[in-house]
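Peer 1: Here is my input; please provide its structure:
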Amino acid sequence: MSSNADIYHEMIVDYSRNPVNYGEIENHDVTFHDSNPLCGDSIDIDMKIDDNHVSDIKFHGKGCAICMACSSVLTEITKGKSIDEARAIEKNDVLGELGLEHLQAVRIKCALLSLKVLKSALYTYMGNHLKDNEDLDKLKEEAANLY
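Peer 2: Numbering: from 1, shown residues only. Model prediction:
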């Protein structure tokens, strides 16, 4: 019988070879890009927002197996959630799905690049749609405290 580590390893390899929600959304409502120059990971996330919910989300780019697997898992977790629910996604929500809660510090940036891109995309979208300057200031403060 396989250990949990073996099962998670197989999941990571499978997600990296067959990523879910990989591609681009042609008429996206928001897109964001970021990269991890130390590892060479580079991810873009496109989202379609309907009625304050993430109706579609896709990512594209290149990255190591951990980056690609986490990006796939994150898009699965995010699709269909409200903007507030998506904003509440935390690192352990993604890492836990792949058994990476105790990932080495050197690989954590690979694993969380897509979460950083998702949050930046959400803040960009919200910043573009907020009408109240006080709400925008709160949003900027929240974004600044993310990482």
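Peer 1: From now on I want contacts and neighbour counts done on CA atoms only, so please keep to that.
Peer 2: OK.
Peer 1: Span of stretch 94-101 from start to end?
Peer 2: Length of stretch 94-101, first residue to last, Cα to Cα, to the nearest Å: 9 Å.
Peer 1: and what of stretch 74-86?
Peer 2: 10 Å.
Peer 1: Give me the buried positions along that stretch.
Peer 2: By 16 or more other Cα atoms under 10 Å, the buried positions in stretch 74-86 come out as Leu74, Thr75, Glu76, Thr78, Lys79, Gly80, Lys81, Ser82, Ile83, Ala86.
Peer 1: mind giving me TSV with the residues you listed and columns for secondary structure, pLDDT and distance to Val13?
Peer 2: Below are the buried residues of stretch 74-86 laid out as TSV (DSSP: H, G, I helix; E, B strand; the rest coil; pLDDT from 0 to 100; distance: Cα to Cα, whole Å):
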residue	secondary structure	pLDDT	distance to Val13
Leu74	helix	98	16
Thr75	helix	98	17
Glu76	helix	97	17
Thr78	helix	98	21
Lys79	coil	98	22
Gly80	coil	98	26
Lys81	coil	97	26
Ser82	strand	96	30
Ile83	helix	94	30
Ala86	helix	96	25
